[in-house]
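*Asks:* here are the coordinates; sequence isn't available:
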């Protein structure tokens with residue numbers, strides 16, 4: 001046993017001890033077990049060598065690796081000749097490299113000293129010899145292993161699955177180290193090689209289309225406020241499209257400091273509004289495009305109350321409702337619609353940590369910084385003769401935030417911090433302007449007097465002329 005994460009270790013070791021399993025350990029792990037009254041053999045007593053070089057060399061010894069790698073029924077003569085005892089269970093997790101380098105004051109030498117050497121060697125050795133040895137790298141596996149020990153022995157399938165988890169663990173660990181130092185070699189944010197490991201959160205019924213198989217993978221520590229960290233309160237299992245659309249809605253609503261509601265359909269916002277009252281924000285977002293809101297995703301950036309939930313339930317069919325928190329009263333309202341997927345994601349930080357954005361291309365991956373830029377009135381230069389009023393300036397900034405999440409070419413008409421019309425995904429910005437106007441007319445919302453935002457520059461005046469002609 002040699003772990004940095006000691007969660008659940010003591011209870012696990014005590015149970016193994018009761019079943020007659022002898023314990024071998026190192027350093028701080030051995031001290032913890034000994035302080036709890038457990039009989040522990042120090043690694044140094046097995047190898048005949050003390051820990052040396054400030055702990056850099058502890059377990060790199062044939063007495064340890066021979067005991068782990070020995071093939072039962074094959075290597076007994078060699079083991080007897082060299083006094084090697086078999087080791088049946090290896091419990092190891094590695095130095096906290098990720099936690100160390102995440103500290104703002106982390107120095108180069110700190111990072112180097114938190115590169116585990118002996119740990120990965122033992123993990124890989126045990127995983128290689130999984131036919132005879134169980135390797136545990138995650139405290140969540142203690143219960144499963146212990147129940148099988150109590151039943152008479154660890155099953156072969158369990159040992160194999162633990163071995164796979166172990167190889168995943170060391171691959172992730174080495175990838176983090178390579179990325180961290182690789183950025184120093186490249187001199188920018190992108191290392192010479194790109195390592196990305198995700199873990200499967202769930203299998204999905206199908207992908208974007210019914211003939212496609214699919215699964216949802218998440219980061220090892222998904223951030224609070226992300227769809228990957230969402231907790232389902234009720235509803236059917238999320239589909240591939242549910243997850244994609246919920247992410248779009250959630251990331252859009254997170255842009256606003258004020259209470260806001262975003263309704264998304266097919267990964268595009270079809271209605272966005274800001275208001276002091278959550279029900280009013282929802283009403284105004286819905287009013288932008290009631291037709292498209294049917295079967296959509298509704299996201300809020302404040303805890304969802306019972307009155308707003310009741311309004312949603314009584315008004316429309318909805319696939320997913322997502323918010324930082326859901327009040328007990330809101331939960332009761334949604335119980336009337338048990339198929340509605342209701343998710344909470346926790347309250348995200350005001351400033352999100354830096355992250356990367358990916359786009360898969362055939363044979364490769366495009367990687368860029370996430371578009372986290374935020375503009376304020378101070379960033380704007382007014383080039384027209386007429387200066388915008390404070391209200392118009394507020395609406396322009398609101399519309400610009402929405403435009404970031406609308407597929408290009410995007411045109412947003414907005415007034416009073418409410419989308420009036422959304423034109424998305426057209427090859428011509430002129431047609432986006434026309435479509436946004438048509439949607440506004442269908443919703444009975446006046447484009448006249450609103451502001452307009454687009455996701456890119458106007459090479460010609462025709463798009464603006466199309467808007468002015470409404």
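*Replies:* Alright, I've got the coordinates. Note that the structure is a prediction, hence the values are computed from the model and not measured.
*Asks:* Strands of the stretch 251-400 of the chain, start to end?
*Replies:* Secondary structure of the stretch 251-400 of the chain by DSSP state E, counting those that start in this stretch: the strands cover 260-265, 268-274, 296-300, 318-323, 341-344, 356-361, 364-369.
*Asks:* Which of those strands sits closest to residue 395?
*Replies:* Ranking those by distance to residue 395, with CB to CB as the measure, places strand 268-274 first at 10.0 Å. Bear in mind the C-beta positions are built from the backbone N, C-alpha and C, glycine included.
*Asks:* Please report how far the closest residue to residue 353 other than its chain neighbours lies from residue 370.
*Replies:* With sequence-adjacent residues excluded and distances taken as CB to CB, 6 or more residues apart in numbering, residue 353 is closest to residue 223, at 6.8 Å. Plainly put, residue 223 is 12 Å away from residue 370 if you go by CB to CB, to the nearest Å.
*Asks:* do residue 441 as well
*Replies:* Using CB to CB, one gets 35 Å for the distance from residue 441 to residue 370.
*Asks:* What ranges does the stretch 201-350 of the chain have for its helices?
*Replies:* If DSSP state H, counting those that start in this stretch is used as the criterion, the helices of the stretch 201-350 of the chain fall at 240-253, 278-288, 290-293, 306-315, 328-334.
*Asks:* Mean pLDDT, mean neighbour count and distance to residue 430 added to those, as TSV?
*Replies:* Rendered in TSV, the data for those read as follows (pLDDT from 0 to 100; neighbours: other CB atoms under 10 Å; distance: least, CB to CB, whole Å):
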stretch	mean pLDDT	mean neighbour count	distance to residue 430
helix 240-253	97	22	25
helix 278-288	98	22	21
helix 290-293	96	17	21
helix 306-315	97	18	34
helix 328-334	97	17	42
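*Asks:* I figured the residue nearest to residue 353 hits residue 230, correct?
*Replies:* No - taking contact to mean CB atoms under 8 Å, the distance of 11.3 Å between residue 223 and residue 230 leaves them out of contact.
*Asks:* domain ranges for this protein?
*Replies:* Structural domains annotated on the chain: 9-186, 212-344, 373-468, as defined by automatic domain parsing.
*Asks:* what's the most buried one of these?
*Replies:* Between the domains of the chain, the one whose residues have the most neighbours on average, counting mean count of other CB atoms under 10 Å, is domain 212-344 (a mean of 20).
*Asks:* follow-up on the earlier one: backbone torsions only: list them for the residue nearest to residue 353.
*Replies:* Listed backbone geometry of residue 223 is phi -70, psi 150, with angles given as degrees, to the nearest 10.
*Asks:* for it, what are its contacts?
*Replies:* When contacts are counted by CB atoms under 8 Å, 6 or more residues apart in numbering, residue 223 is found next to 229, 348, 352, 353.
*Asks:* same thing with residue 365?
*Replies:* 194, 358, 359.
*Asks:* before we move on, what about residue 463?
*Replies:* Listed by CB under 8 Å, 6+ apart, the contact partners of residue 463 are 411, 429, 430, 432, 433, 454.
*Asks:* which ones among the residues you listed are found in helices?
*Replies:* Secondary structure from DSSP state H places 429, 430, 432, 433 of the contacts of residue 463 in helices.
*Asks:* from those residues, which is closest to residue 72?
*Replies:* residue 432 (69.2 Å).
*Asks:* Let me know the secondary structure of the closest residue in space to residue 144 that isn't next to it in sequence.
*Replies:* Here the nearest residue to residue 144 in space, its sequence neighbours aside, is residue 158; by CB to CB, 6+ apart that works out to 6.6 Å. Using DSSP: H, G, I helix; E, B strand; the rest coil, the secondary structure recorded for residue 158 is helix.
*Asks:* which ones are touching residue 158?
*Replies:* When the contact criterion is CB under 8 Å, 6+ apart, the partners of residue 158 are 134, 144, 145, 148.
*Asks:* Could you work out the most separated pair of the residues you listed?
*Replies:* Checked with CB to CB, the contacts of residue 158 reach their widest spread between 134 and 144, with 10.0 Å between them.
*Asks:* and the contacts of residue 365 as CSV, adding pLDDT and neighbour count?
*Replies:* As requested, those are arranged in CSV below (pLDDT from 0 to 100; neighbours: other CB atoms under 10 Å):
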residue, pLDDT, neighbour count
194, 86, 14
358, 92, 11
359, 94, 9
